[in-house]
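Trainee: this is a predicted model, with the sequence first.
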Amino acid sequence: MTDPRTGTARPSPEPSELLRTARELVPHLARNAEQGERDRRLTDETVKLLTDAGMFRLAVPQRYGGHEVSLRTLVDVSAVLAEGDGSSAWVVAVGSSLAWAVSLFPEQAQDEVFGADPDTRVSGVLTPSATARRTEGGYRVSGRWHYASGSWHADWSVIGFPVPDATGRIVDQGMALIPAADYTVEDTWFVAGMRATGSNALVAEDIFVPDHRVVSVPKAMAGDYPVQRSGGRQPRSAFEQFLTAAPLVATQLGLGRAALELIKEKSAEKAITFTFFEKQRDSTAFQLRIAEAAQKIDTAHLHVHRAAADIDGAAERGEPLDALGRIQARADLSGAVGHITEAIDILLTAHGAASFADSNPLQRIWRDSAVSARHAILQPAMIKEMYGKTLLGIDEPISPLV
């Protein structure tokens, strides 16, 4: 692997090294979390720390100086970051998903995004909320794309758009790469949690998108990628992991672990009001709640790690997951979010009303987890319905994202 900026060889770090680096960032991310909430964007110091630590190159192909890690490593590293700050972990995880998606584009487009800087940050939204017309060598695109996490600090974005033919008839759904100079960021992210993710709207007006920066979404979902250079094995799993949103669930794992550790620590000094217990930890009722929450967090980890193993395994074999494998992975991940949500609720009840004090980081964990758990791609009821139909052999699609 060669760093294109220096021309010198640079070995890819081992997963354990990346985890250690992420662990070292946790106290710094936690220190900046409150300021990030107030500003509704990550602080400049946080972005610099994450960049210097190589967190934005986790999913960048190795040939550009990236780490090109497995999905399991991406999940584990993102979860550690979330122990310090959910928003920071979310921006890294979403950016990594989109950087991974970039590896599906033709070589010329990948060169443009990562060729000069493997730390390039990528945002984006795949919803085709745009209009387009065919022109010589590409498309003219106008649109507005909501909820682009990391929008303030992105250098490029991946956007969705309906693909027309020369007559204007819509013939495909595409995703396109556009540089930050081609769009503006509209400040629309006013929410209760994950406030520092800066998940604003991107707005573009009649911009030119060349053909080499467009990929067909249906073809990508079928494993038909126009990659012109072989690269490593991990990019083969790109769209599967993107659809299953594994990196997004990673943030939940870290938030759950952080809540558990905070409440265990406080239990040694906090009494239970209206009882004789001077320390929460001495109460059997409290102990049972801690055990129940810990089991739910452990269960979430097991499901996420199974999904990651299935996706990484398919990439290792050089083949896509079949339909049952994909929906099972989505069910694993969506179910994991449910377990974390329940665990955090149990922990906050065990800790008491102090959980919701402005000065208590638990209230931010609770809000961040609640908001991110409602991401559209993790809808539990819809995913359970799809999983159940698949298990029963009922061919009645309710979503193209399978």
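Mentor: Yes, it's here.

Trainee: drop to CA atoms for contacts and neighbour counts, all remaining ones
Mentor: Will do.

Trainee: secondary structure class for the residue of the chain positioned farthest from its centre?
Mentor: Here the centre of the chain is the reference, and by C-alpha atoms, centre = their mean the most remote residue is Phe276, at 44.7 Å. Three-state assignment for Phe276 (DSSP: H, G, I helix; E, B strand; the rest coil): coil.

Trainee: do the same with the one 5 residues further on
Mentor: Of the three states, Arg281 takes helix according to three-state DSSP.

Trainee: so what's the residue count around Leu50?
Mentor: 22 (other C-alpha atoms under 10 Å).

Trainee: any idea which element it lies in?
Mentor: Here Leu50 sits within helix 44-52, counting by DSSP states H and E.

Trainee: same thing with Gly124?
Mentor: strand 122-125.

Trainee: which residues does the very next helix or strand once past the helix holding Leu50 contact?
Mentor: Downstream of helix 44-52, the first helix or strand assigned by DSSP H and E is helix 71-84. Outside of helix 71-84, the residues within contact range by C-alpha atoms under 8 Å, 6 or more residues apart in numbering are 15, 18-19, 22-23, 25-30, 33, 58-59, 88-90, 92-93, 234, 241, 246-247, 249-255, 257-258, 305, 308-309, 311-312.

Trainee: then stretch 125-134?
Mentor: 139-148, 157-166, 168, 173-175.

Trainee: would you put the C-alpha positions of it in PDB?
Mentor: Listed next in PDB are the C-alpha coordinates belonging to stretch 125-134 (Å, rounded to 0.1, in the frame of the first residue of the first chain):
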ATOM      1  CA  VAL A 125     -28.300  10.500   0.900                       C
ATOM      2  CA  LEU A 126     -29.500   7.800  -1.600                       C
ATOM      3  CA  THR A 127     -33.100   8.900  -1.700                       C
ATOM      4  CA  PRO A 128     -33.800  10.000  -5.300                       C
ATOM      5  CA  SER A 129     -35.300  13.300  -4.300                       C
ATOM      6  CA  ALA A 130     -34.100  15.100  -7.500                       C
ATOM      7  CA  THR A 131     -34.800  15.700 -11.100                       C
ATOM      8  CA  ALA A 132     -32.400  15.000 -14.000                       C
ATOM      9  CA  ARG A 133     -32.100  15.200 -17.700                       C
ATOM     10  CA  ARG A 134     -29.700  13.400 -20.100                       C
END
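
Trainee: which of the residues in it are buried?
Mentor: Within stretch 125-134, the residues that count as buried by 16 or more other C-alpha atoms under 10 Å are 125-128, 130-134.

Trainee: hang on, the earlier thing: next one: the strand holding Gly124 to chain centre, how far?
Mentor: Relative to the chain's own centre, strand 122-125 is displaced by 11 Å; criterion: C-alpha atoms, centre = their mean, to the nearest Å.

Trainee: now do that strand, average pLDDT.
Mentor: Averaging pLDDT along strand 122-125 gives 95.

Trainee: C-terminal to that strand, what's the next element?
Mentor: Downstream of strand 122-125, the next assigned helix or strand under DSSP H and E is strand 130-135.

Trainee: and the helix or strand following that following strand with strand 130-135, angle?
Mentor: Under the assignment DSSP H and E, the closest C-terminal helix or strand after strand 130-135 is strand 138-148. Counting by axes from the mean of the first three to the mean of the last three C-alpha atoms, to 10 degrees, strand 138-148 lies at 160 degrees to strand 130-135.

Trainee: who does whichever helix or strand comes after strand 138-148 pair up with?
Mentor: With elements assigned by DSSP H and E, the helix or strand that comes after strand 138-148 is strand 156-164. Here strand 156-164 has these sheet partners by DSSP bridges: strand 122-125 (parallel), strand 170-179 (antiparallel).

Trainee: of these, flag the one that's most buried.
Mentor: Each of the strands paired with strand 156-164 was scored by mean neighbour count; the highest is strand 122-125, a mean of 28, by mean count of other C-alpha atoms under 10 Å.

Trainee: picking up where we left off before, what is the nearest of the buried residues of stretch 125-134 to Phe356?
Mentor: Val125 (32.4 Å; C-alpha to C-alpha).

Trainee: what pairs with that closest one across the strands?
Mentor: According to DSSP bridges, the partner residues bridging Val125 are Ile159.

Trainee: how about Val214?
Mentor: Residues in beta-bridge contact with Val214 (DSSP bridges): Ala176.

Trainee: and it, how many neighbours does it have?
Mentor: 26.

Trainee: the helices in the stretch 151-300 of the chain, which residues?
Mentor: 217-221, 238-244, 246-266, 284-317 (DSSP state H, counting those that start in this stretch).
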